[in-house]
Each structure stands twice: as C-alpha cells, then as structure tokens.
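**Student:** Output the structure for:
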Amino acid sequence: MKISKFKADDLDDLMIFLDSNLEENYEKKVFLNIRQRWPEGFLIIKNTKKIIGVCCGAILANDKLRILILVLQEDYQGKGLGKQLMNLMIKESSIFGIKKVTLEVRKDSKAITFYRKLGFSSVDVLPCYYQDGCDGIVMEKQL
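**Tutor:** The predicted structure is shown next:
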C-alpha cells in the first residue's frame, strides 16, 4: 500500500471509491478545488492501483487544520492506516503553525471511537448536518 498526493488523474477512481464508501455525494469539481488550494493536504492510499483510503483537509484561519474527509475501505480499517493518514496530514500542516485540528463526523458513525483514540474531543452538535438529515458532531484536537 502506498500513500501519495491526489492527482487529477485519480479523480474518476476517487469518485467511484467515495460512492462506495461514503453516504454523502459530492461533485468532481469540489475535489479539484481542494487539491488546488493545498495539494499536500489531499492524500490517497492505493493497494496496487485501487484507491482504498482518502484524507483531505484545509488550512483555516486561527491556526486550524480542518479534516474534510477521512475514509478507508471497510476491510482496511483497524490496521493503523487512518492514524497514519491523520498523522501525515498534521505533519504537512505544521509549516502553517497549526495548533488545532477539527472535523465533523456523523453522530451514528463508529469513527467517533477512532477519533477519540487519536485524542479528539466532541465540542458541538450540528443538527441535520448531513444530506440524509443525520446530525453531525464537531470534534477537535489541540496540538
């Protein structure tokens, strides 16, 4: 398995991966915009040629890194890859003086336990945040 920066050539494979692994739907141009703003903050993991994981983020004002997406194919979860992606994102953001990492997660997601193990705390609830009406939980970690 190899972690690399997302390239425009990966876009179609990314969309297929996200359709299979996320409940939310996004337009292709969203990912090209994210990549354009901070290419180092858009990482993919491939097993040979197939995408099995994605992590992308954005640098915000007030020294924050916001994780926009962190998702692994289910059969690759629990193997340390998500932690590796998160650590690499934090490392890539360190040149910006990041002091806090934030993210949103579905209230019904088992990922909440994963984020807590990484040192994140729940700080807010976002009612009906997701497209299907599910609430979101805002989580953050001080660095």
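**Student:** For the host helix or strand of residue 113, list every residue counted as buried.
**Tutor:** Under DSSP states H and E, the secondary-structure element containing residue 113 is helix 111-117. Using 16 or more other CB atoms under 10 Å as the test for burial, helix 111-117 gives 111, 112, 114, 115. Any C-beta I mention is one placed from the backbone N, CA and C, and that applies to glycine too.
**Student:** counting contacts, what elements does the helix or strand just after that helix pack onto?
**Tutor:** Next along the chain after helix 111-117, taking DSSP H and E as the criterion, comes strand 121-126. Contact here means 3 or more CB pairs under 8 Å, 6 or more residues apart in numbering; DSSP states H and E; on that basis strand 121-126 packs against strand 136-142.
**Student:** Give me the nearest residue to residue 38, chain neighbours excluded.
**Tutor:** Take residue 38 and drop its neighbours on the chain: the residue closest to it by CB to CB, 6 or more residues apart in numbering is residue 59, 6.0 Å away.
**Student:** now that neighbour: how far from residue 141?
**Tutor:** Note on residue 59: its distance to residue 141, by CB to CB, to the nearest Å, is 15 Å.
**Student:** Return the distance of the longest helix belonging to the chain from the chain's centre.
**Tutor:** The single longest helix within the chain, with elements called by DSSP state H, is helix 81-93. Distance, stretch centre to chain centre, for helix 81-93: 10 Å (CA atoms, centre = their mean, to the nearest Å).
**Student:** Identify all contacting residues around that helix.
**Tutor:** Contacts of helix 81-93 from elsewhere in the structure, counted by CB atoms under 8 Å, 6 or more residues apart in numbering, are 1, 3, 40-41, 43, 45, 52-53, 55, 57, 59, 65, 67, 70, 72, 98, 101, 114, 118, 143.
**Student:** Just the buried positions in it, please.
**Tutor:** 81, 82, 84, 85, 86, 89, 90, 92, 93.
**Student:** what's the answer for stretch 54-61, then?
**Tutor:** With the criterion 16+ other CB under 10 Å, stretch 54-61 contains buried residues 54, 55, 56, 57, 59.
**Student:** Then stretch 121-129?
**Tutor:** For stretch 121-129, the buried set under the neighbour-count rule, 16+ other CB under 10 Å, comprises residue 129.
**Student:** That'll do, ta.
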